[in-house]
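Trainee: The sequence and its predicted three-dimensional model are supplied below.
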Amino acid sequence: MWLAQSGGEGGGAALDQVAAMTGGAGVIAIALLWVGHLHRTRRITWLRRLADGLGRKFNRPGWVALPLTMFLATILTALLGFIWDVSLHVGNGRDAGPLANPAHYFILVGLFFLFTAGMSAIVLPLDEKPGAAAVRITRTWYAPVGGILLAGAGLYALIGFPLDDIWHRMFGQDVTLWGPTHLMLIGGAGLSLGGVLLLEFEGRNNRPEPDQPDGRSMWLIRGFAFGGLLIGLSVFQVEFDFGVEQFRLVLQPMLIVVAASITLVAARMTLGPFSTLVVVAFAVAVRTVVAVLVGGPIIDTPRNVFPLYVGAAVVVELLALAAPLFRRPLWWGAVSGLGIATIGLWLESLWVDAMFIDPWPTAMWPELLAMAVPVGIAGGVIGALLANVLLGRPLPRPPVRRALVVAAVLITAAATTNGLLVEVPDKAEATVTLSDTTPSAGGRMVLADVRLSPGDLVGSDPEWIQILSWQGGIGGDSPGRGLVVDHLRRVDEGHYVSTEPVPVHGSWKTVLRVQDGRLQAALPIFMAADPGIGAQEVPASTTFTRPFVSEITVLQRERSFDHPSWLFAAAGLLVLLCSLLLVWALSWGAARINERYPHSVVRTPEPVAG
């Protein structure tokens with residue numbers, strides 16, 4: 001019965017908005033299905049003419065050219081909507097409803113047509129079997145593997161939208177990127193690039209003019225596809241990009257290594273010399289445009305930065321010069337992953353220290369390397385396996401390659417689990433003394449003097465001791481566009497002071513956060529009253545002493561804990577199982593393509609001259 005009730009301000013969306021979004025999506029889906037039916041029954045010809053016209057430009061079958069063209073446009077739309085949506089949550093807090101957030105339209109349109117791009121690859125083939133690996137649907141209808149995977153990833157992401165509402169009705173508004181249903185949305189979109197690369201491979205081996213070599217434009221398009229994969233695997237880090245991560249900082253470098261090792265190893269092996277620099281340049285250009293649009297004067301929400309991956313790309317290019325090792329792909333991939341997780345991370349840390357809100361402290365590096373190195377080696381091996389498929393080279397025997405993929409998943413899961421382990425100190429508290437400064441936007445601004453108890457609660461080089469003020473509202477004269485982070489200055493053991501004023505008025509949520517190793521806790525300095533969830537105001541008194549609590553109970557104030565603990569665990573495990581099925585599907589598709597196509601067809605491509 002609770003699913004049919006109004007979700008309330010802190011729960012799911014209002015039923016009228018859910019009905020409107022479902023109805024609109026249903027109408028579009030029916031229209032697209034009708035077009036597909038008309039094409040399959042040969043009652044229309046314009047769809048095939050459009051696809052074949054694009055195919056002639058790139059020397060690719062229409063069932064590849066049209067989906068790839070659609071994909072490039074829609075995934076950029078979804079990325080803009082996603083970054084915009086996160087920035088709105090950081091600056092404003094929860095939504096009044098899904099239709100009240102303009103970013104949701106971009107996300108939904110992008111994901112919907114991501115699914116449509118995959119379905120077009122499935123629907124378009126009429127009088128042909130689209131490649132040796134094609135999957136039989138009916139007696140005369142075959143679909144390319146890449147199209148099936150692309151549609152499946154898009155559908156998985158789309159399912160996250162209605163499930164997100166159900167999730168919030170059950171557990172409240174967990175305002176974090178790493179909510180399980182949120183991970184479905186970004187995971188499906190990010191992993192869809194694997195389907196794109198496999199679909200392009202199928203098209204490359206079924207060219208209308210097989211004797212005509214690919215030009216530089218196709219090489220660049222393939223490089224851009226790898227750039228998209230790098231962006232897709234990087235979206236899991238976006239909370240760190242805004243400086244509002246709700247998890248331990250040691251997870252950020254590990255996530256950077258995952259994205260870099262898989263993408264750059266595969267790109268270098270597949271596309272040849274200097275390709276990783278092109279991949280990185282494309283990713284940086286796209287992220288820069290989106291960051292300027294979202295954090296600039298056009299949308300005017302909290303700013304975000306992002307990893308450059310230049311150091312990792314340089315490491316991979318240099319290691320590729322070791323010809324004997326490069327001729328052993330899996331070993332070279334493992335060594336490259338090791339280089340990315342060490343030298344590449346050190347080079348990336350220079351950018352992080354200069355540009356990100358939360359730099360990497362020296363004391364974090366032992367655990368950082370313990371997590372990043374095995375993940376980097378595993379990611380490098382996966383990148384090499386992907387490259388072998390895209391080059392038409394034979395994969396290892398099935399038991400070996402399965403063991404490698406399973407080992408990579410388990411290594412990444414173990415490192416992630418370690419990063420999620422936190423400790424909340426017992427009987428720890430802080431005495432905070434606030435002094436008023438010049439008001440901003442008509443509201444109270446303060447400086448803080450903080451004394452921890454016990455005094456040795458954190459060491460001399462913690463990840464952070466900071467005051468985070470967020471969700472204060474964007475636009476106008478709002479400080480920091482709704483986000484202010486002040487890293488406190490250490491006076492002596494257990495004694496810290498502000499370096500800049502923070503807001504304690506309006507809708508702001510201002511909290512004191514500490515993280516040192518696995519210790520992660522927070523306490524409220526000011527919390528506005530929130531009638532929507534029945535929360536009282538936490539006043540910013542001149543002097544107060546408050547205990548440290550689990551950070552999630554402060555930052556995710558709207559989240560409900562009034563449910564059996566097993567229910568949350570069961571729901572999370574269900575989402576995890578679905579995610580593993582998507583990973584399995586991509587692995588199955590890659591293996592099927594590798595087994596069905598001759599291994600002598602494709603050689604390592606290089607960009608043509610001129």
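Mentor: Received the coordinates, thanks. Numbers count the residues shown, from 1 in each chain.
Trainee: element containing the closest residue to Ala408 other than its chain neighbours, please.
Mentor: Once flanking residues are discounted, Ala408 sits nearest to Ala378: 3.9 Å by Cβ to Cβ, 6 or more residues apart in numbering. C-beta coordinates here come from the backbone N, C-alpha and C atoms, glycine included. Assigned by DSSP states H and E, Ala378 belongs to helix 365-391.
Trainee: So which bits of that helix are buried?
Mentor: For helix 365-391, the buried set under the neighbour-count rule, 16 or more other Cβ atoms under 10 Å, comprises 365, 367-369, 371-391.
Trainee: With stretch 218-236 instead?
Mentor: For stretch 218-236, burial by neighbour count (16+ other Cβ under 10 Å) applies to 218-220, 222-236.
Trainee: before we move on, what about stretch 71-88?
Mentor: 71, 74-88.
Trainee: got it, and stretch 492-501?
Mentor: Within stretch 492-501, the residues that count as buried by 16+ other Cβ under 10 Å are 494, 496-498, 501.
Trainee: Kindly indicate which of these lies nearest Ala285.
Mentor: Closest approach between those and Ala285, by Cβ to Cβ: Pro501, at 35.9 Å.
Trainee: which residue packs closest to that closest one, ignoring adjacent ones?
Mentor: Closest to Pro501 by Cβ to Cβ, 6+ apart is Met445, at 4.0 Å.
Trainee: Ignoring the adjacent residues along the chain, who's closest to the residue positioned nearest the centre of the chain?
Mentor: Central residue of the chain (Cα atoms, centre = their mean): Val235, 2.2 Å from the mean position. Using Cβ to Cβ, 6+ apart and skipping the chain neighbours, the partner closest in space to Val235 is Ile186 (4.8 Å).
Trainee: Which secondary structure elements does whatever helix or strand that neighbour lives in sit against?
Mentor: In this assignment (DSSP H and E), Ile186 forms part of helix 180-204. For helix 180-204, the packing partners by 3 or more Cβ pairs under 8 Å, 6 or more residues apart in numbering; DSSP states H and E come out as helix 62-92, helix 102-123, helix 145-171, helix 216-234, helix 365-391, helix 565-596.
Trainee: what about 7 Å?
Mentor: Applying 3 or more Cβ pairs under 7 Å, 6 or more residues apart in numbering; DSSP states H and E, one finds that helix 180-204 contacts helix 62-92, helix 102-123, helix 145-171, helix 216-234, helix 565-596.
Trainee: Any buried residues in it, and which?
Mentor: Buried-residue list, helix 180-204, by 16+ other Cβ under 10 Å: 180-204.
Trainee: coming back round to it: Serialize the helices and strands packed on helix 180-204 to TSV and add fields for distance to Val458.
Mentor: Shown next, in TSV, are the helices and strands packed on helix 180-204 (distance: least, Cβ to Cβ, whole Å):
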stretch	distance to Val458
helix 62-92	25
helix 102-123	36
helix 145-171	31
helix 216-234	30
helix 565-596	29
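Trainee: can you put the ones you listed in CSV and add mean pLDDT and distance to Leu512?
Mentor: Shown next, in CSV, are the helices and strands packed on helix 180-204 (pLDDT from 0 to 100; distance: least, Cβ to Cβ, whole Å):
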stretch, mean pLDDT, distance to Leu512
helix 62-92, 88, 18
helix 102-123, 89, 30
helix 145-171, 85, 26
helix 216-234, 92, 30
helix 565-596, 88, 27
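Trainee: Ok, which of the ones you listed comes nearest Val315?
Mentor: helix 216-234 (14.8 Å).
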